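Student: Starting from these lines, generate the structure:
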Amino acid sequence: MDKLRRRIDIGNLQSLMIFGEYRRASLVNILRDTFKEIKDLRVLFIFMYSLDSLPHNFSKLIHLQYLKLKSPHYSEMCLPSTVSRFYHLKFLDLKDWRSSLDLPKGISRLVNLCHFLSNVVFHSNVPEVGKMKLLQELRSFHVKKESAGFELRELGQLEKIGGELQMYGLENVRTREEANEAKLMEKRNLVELALVWSGGGQPTMEDDILDGLKPHSNIRALSIVNHVGGTGPTWLCSNTHLTNLETLHLEGVSWSALPPFGLIHHLRTLKLKNIVGIRQFGPDLIGGITEKSFKLLNEVEFADMPELVEWVGELTHIYSQGLKQSDYFYYHSSHLSINKMLCELALHNLSEVERLKINDASLISFTDLQKLHPLRSIEVWRCNEMFLRALDDGIVLESVQSLHLIEFRVTGKSLPSLFKCFPSLSVLDVTAASDEDHDDEEVLLQFPPCSSLRNVQLRGCKNLVLPVEDGGGFQGLLSLESVLIDDCGKLFSGWSMGAADCNSINPFPPCVKKLGLYNEPSTLSMALLSNLTSLTELGLENCTNITVDGFNPLITSNLEYLSVWNRKQDGETEPYSISVAADLLTEVSRTKAMPAGSCSFQLTQLDVDSISAVLVAPICTCLSTTLRTLCFIYDYQAESFTEEQDQALQLLTSLESLSISECRALQSLKGCIASLL
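Tutor: Residues are numbered from 1 along each chain as shown. Predicted coordinates:
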């Protein structure tokens, strides 16, 4: 710092930006002493761990025009009270202030402030904000939040504010004349406006008040929430004043008539929530349908509309009939999501839909799905008997490439029918239904020949069995790249150690690059994976009976991510005496089969349950230039870090992140921390 002081005239410094979150008292004192002579700063950017972090004469920096303050999380530290004295301040940046949200008294004296970047709560905490006439953004205003200083006339004096404005507490406005004082019509720079009531108010008065809150026609997004009046504002429901409106959100209103949505020609997003009295959504309700209506509308969301039973007409290429108990309906251009709707949907006009997500399989017709020619992805929950019967109807959905099924009943009939219905799949993700009646029925996992599957995920398919035969099961999937198997109890039952015919056959094709085996009870040897030399990711989690017999170290040569750990089950008192990770890494360190002169490791992330297996010189030397993330998890043996382990840890020169989780026997990190400093 002495060199810095000799080179720079600290007293005449005009810009000071100190990056980083420094907390040590010694460093704070050095910075305070170094910059104690500053007096003419125009720009200051500094991290505040405490008030002592500020320069000695901070309160005298009256020429400041730009101030950015950062603070740590969970601190009760308040902003310096002297901030409100910086009358020349034009730019106040508190986006990274994570401490107390109380503003210093007299903050409204910053009459030259143009930009106030901060948490939205700060914006709603400014009393007498009308004095800051040059302010260009005020994201939140709470009417009469306190007894004085939060009247709508304060907002009316801010002619330059633009962007987003959320107005809360509108139930505290008593008359239309008071509403007019906000002068929203004069705020031509506003783009988004939210008008929010929180209960209370008189319905007859609220109608007039809402009429008095008429915004400028430049508004592009409007939300009106919990207005208790009986009619909507004339500027929205009786004419087309908001000609530039693109997003409209109405929630918790009970108006006698809704706006003429068809006349809002630029409308792109429409959200209706908790609106009573609407039984049908169509031309008779929305009115004003012309050739220009809904040309741009590509996002529609209905939520909490208990009386809505029918959608008629063609809006955004959507046509639906017989909507009963319509709790949630969401359409966004190429994505349709339907939740909790016991209904029949006519989907033939959804010509742009590529992704379909539906909460209940009974809501869809496979015949209609055939008409969605661009359909590429389907996600279905609660795949009930109706869904299983539809698979047998002979309908083929050629366009579907990605299929996600949750609560699917795996039977000897349903699985072959599934592959016939969806012959072009590249992604198959199946989570089985919990079905005790069918769990005893063993179902052979066979994929169709010439399958294009690249990604297969199976969860909870407890009755699936992988055949032990050359070319069977996964072996015929020549494009397969990723496999995840979780809690499929019988899948590898024929591949257990000692079982006949499995010694010379591998269950997976050599093209697999990502493999995850989770909660696998079978006694399996690593020899089954010996052909997977292209692996980049390998996860073996809660596979307590896997052994390293027949382990081929070449499968680790391309690995970038490795996760190997076992977690003690609830109620289990005996700790694991053997770690699969320990055995695997020991084999790697002993091997002589790797390319000469290098361990050839590419690992960037390693999650293991054995500290002692990783922190040895041979392993850490191999990982020194690549490993960036290391996680020790569920190591129930280690009590502390030895000197040798500390030295090995220092070899990991590329390490950026070290985490230790659920290592309950570990009592001290003393050596480990010292190695990282």
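Student: Okay, buried residues for stretch 415-429 please.
Tutor: Buried residues in stretch 415-429, counted by 16 or more other CB atoms under 10 Å: Leu415, Ser417, Leu418, Phe419, Cys421, Phe422, Leu425, Ser426, Val427, Leu428, Asp429. C-beta here means a position set from N, CA and C on the backbone, and glycine is covered the same way.
Student: Of the residues you listed, just say which sits nearest to Arg454.
Tutor: Taking CB to CB as the measure, Arg454 lies nearest Ser426 of the buried residues of stretch 415-429, at 4.7 Å.
Student: Go ahead and confirm that closest one touches Ser451.
Tutor: No. Counting by CB atoms under 8 Å, Ser426 does not reach Ser451; the two are 9.2 Å apart.
Student: Now the common contact residues for the two.
Tutor: Listed as contacting both Ser426 and Ser451 by CB atoms under 8 Å, 6 or more residues apart in numbering are Ser479.
Student: Identify the spatial nearest neighbour of Gln605, chain neighbours not counted.
Tutor: Of all residues not flanking Gln605 in the chain, Thr629 sits nearest, at 4.2 Å (CB to CB, 6 or more residues apart in numbering).
Student: residues near the one you found, how many?
Tutor: For Thr629, the neighbour count with other CB atoms under 10 Å is 16.
Student: so where's the stretch 301-450 of the chain uncertain?
Tutor: Low-confidence segments of the stretch 301-450 of the chain (pLDDT under 70): 308-352, 363, 435-439.
Student: Spell out the residue ranges of the helices in it.
Tutor: Along the stretch 301-450 of the chain, counting by DSSP state H, counting those that start in this stretch, helices occupy 366-369, 385-391, 414-421.
Student: still on that earlier bit, of the buried residues of stretch 415-429, closest to Gln569?
Tutor: The nearest member of the buried residues of stretch 415-429 to Gln569, counting by CB to CB, is Asp429 at 26.2 Å.
Student: And that closest one, how far from Val456?
Tutor: Distance of Asp429 to Val456, computed by CB to CB, to the nearest Å: 8 Å.
Student: Confirm for me that Pro259 is in contact with Leu236.
Tutor: Yes. Contact criterion CB under 8 Å: Pro259 and Leu236 qualify, at 5.0 Å.
Student: and those two? which has more neighbours close in?
Tutor: When Pro259 and Leu236 are compared on other CB under 10 Å, the one with more neighbours turns out to be Pro259, at 27 against 24.
Student: which residues sit in contact with the more buried one?
Tutor: By CB under 8 Å, 6+ apart, the residues touching Pro259 are Gly232, Leu236, Cys237, Leu248, Leu250, Ile286.
Student: Please check the residues you listed and keep the buried ones.
Tutor: Neighbour-count burial within those applies to Gly232, Leu236, Leu248, Leu250, Ile286; the criterion is 16+ other CB under 10 Å.
Student: And for stretch 473-480, what's in contact with it?
Tutor: With CB under 8 Å, 6+ apart as the test, stretch 473-480 has contacts from 426, 445-447, 449, 451-456, 466-467, 483, 505-509, 511-512.
Student: if we go to 10 Å?
Tutor: Applying CB atoms under 10 Å, 6 or more residues apart in numbering, the contact partners of stretch 473-480 are 426, 444-456, 464-467, 469-470, 483, 485, 491, 494-495, 505-514.
Student: And stretch 135-155, end to end?
Tutor: 11 Å (CA to CA, to the nearest Å).
Student: the strands in the stretch 101-250 of the chain, which residues?
Tutor: Listed in chain order, the strands of the stretch 101-250 of the chain (DSSP state E, counting those that start in this stretch) span 115-118, 140-142, 163-168, 190-196, 221-225, 247-251.
Student: that's a strand at Phe45, yeah?
Tutor: Yes. Phe45 sits within a strand when classified using DSSP: H, G, I helix; E, B strand; the rest coil.
Student: List the contacts of it.
Tutor: By CB under 10 Å, 6+ apart, Phe45 lies in contact with Ser15, Leu16, Met17, Ile18, Phe19, Tyr66, Leu67, Lys68, Leu69, Lys70, Asp93, Asp96.
Student: quick one: the fifth one from Leu54, how far?
Tutor: Per CB to CB, Phe19 is found 16 Å from Leu54.
Student: Check the second one too.
Tutor: Remark: distance between Leu16 and Leu54 (CB to CB) = 11 Å.
Student: ok so, going back, mind pulling the model confidence for the residue nearest to Gln605?
Tutor: With respect to pLDDT, Thr629 scores 95.
Student: Low-confidence bits of the stretch 1-150 of the chain, can you list those?
Tutor: Where the stretch 1-150 of the chain drops to pLDDT under 70, the residues are 1-8, 11, 22-27, 30, 33-34, 74.
Student: would you list every one of the helices in it?
Tutor: Assigned by DSSP H, counting those that start in this stretch, the helices in the stretch 1-150 of the chain fall at 2-7, 25-34, 120-124.
Student: so the residue nearest to Gln605 bridges to which residues?
Tutor: Taking DSSP bridges, one obtains Gln605, Ser657 as the residues bridged to Thr629.
Student: Wait, it touches Val608, no?
Tutor: No. Using CB atoms under 10 Å, Thr629 is not in contact with Val608; the gap is 11.8 Å.
Student: give me the element Leu538 is part of.
Tutor: Per DSSP states H and E: Leu538 is located in strand 537-541.
Student: pLDDT of stretch 219-233, averaged?
Tutor: Regarding stretch 219-233, the rounded mean pLDDT is 94.
Student: do stretch 514-530 as well
Tutor: Averaging pLDDT along stretch 514-530 yields 93.
Student: how far is that stretch from where the chain is centred?
Tutor: 31 Å (CA atoms, centre = their mean, to the nearest Å).
Student: Quick check: end-to-end length of that stretch?
Tutor: Start-to-end, stretch 514-530 (CA to CA) is 14 Å.
Student: Strands of the stretch 351-500 of the chain, start to end?
Tutor: Listed in chain order, the strands of the stretch 351-500 of the chain (DSSP E, counting those that start in this stretch) span residues 355-358, 377-383, 402-408, 427-432, 443-444, 455-459, 464-465, 482-486.
Student: can I get the ones you listed in TSV with distance to Pro215?
Tutor: TSV is the format used below for the strands of the stretch 351-500 of the chain (distance: least, CB to CB, whole Å):
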stretch	distance to Pro215
strand 355-358	35
strand 377-383	39
strand 402-408	42
strand 427-432	46
strand 443-444	61
strand 455-459	48
strand 464-465	59
strand 482-486	51
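Student: And for Leu258, the neighbour number?
Tutor: 19.
Student: That should have said Ser563, apologies.
Tutor: Using other CB under 10 Å, Ser563 is surrounded by 19 other residues.
Student: Shouldn't it be within a strand?
Tutor: Yes. Under three-state DSSP, Ser563 falls within a strand.
Student: Report the beta-bridge partner residues of it.
Tutor: Beta-bridge partners, per DSSP bridges, of Ser563: Gly539, Asp607.
Student: Please give me every residue in contact with Lys70.
Tutor: Going by CB under 10 Å, 6+ apart, Lys70 touches 18-21, 45-49, 53, 93-99.
Student: and with 6 Å instead?
Tutor: By CB atoms under 6 Å, 6 or more residues apart in numbering, Lys70 lies in contact with Phe47, Asp96.
Student: what's the spacing between it and Leu195?
Tutor: Distance check for Lys70 against Leu195: by CB to CB, it reads 34 Å.
Student: roughly how far is stretch 635-648 from the heart of the chain?
Tutor: Relative to its chain's centre, stretch 635-648 lies at 36 Å (CA atoms, centre = their mean).
Student: cool, stretch 255-265 as well?
Tutor: Remark: stretch 255-265 is offset 34 Å from the chain centroid, using CA atoms, centre = their mean.
Student: got the buried residues for it?
Tutor: Trp255, Leu258, Pro259, Pro260, Phe261, Gly262, Leu263, Ile264, His265.
Student: Please name whichever of those residues scores lowest on pLDDT.
Tutor: Among those, Gly262 has the lowest pLDDT, at 81.
Student: tell me the SS of that one?
Tutor: Per three-state DSSP, the local secondary structure of Gly262 is helix.
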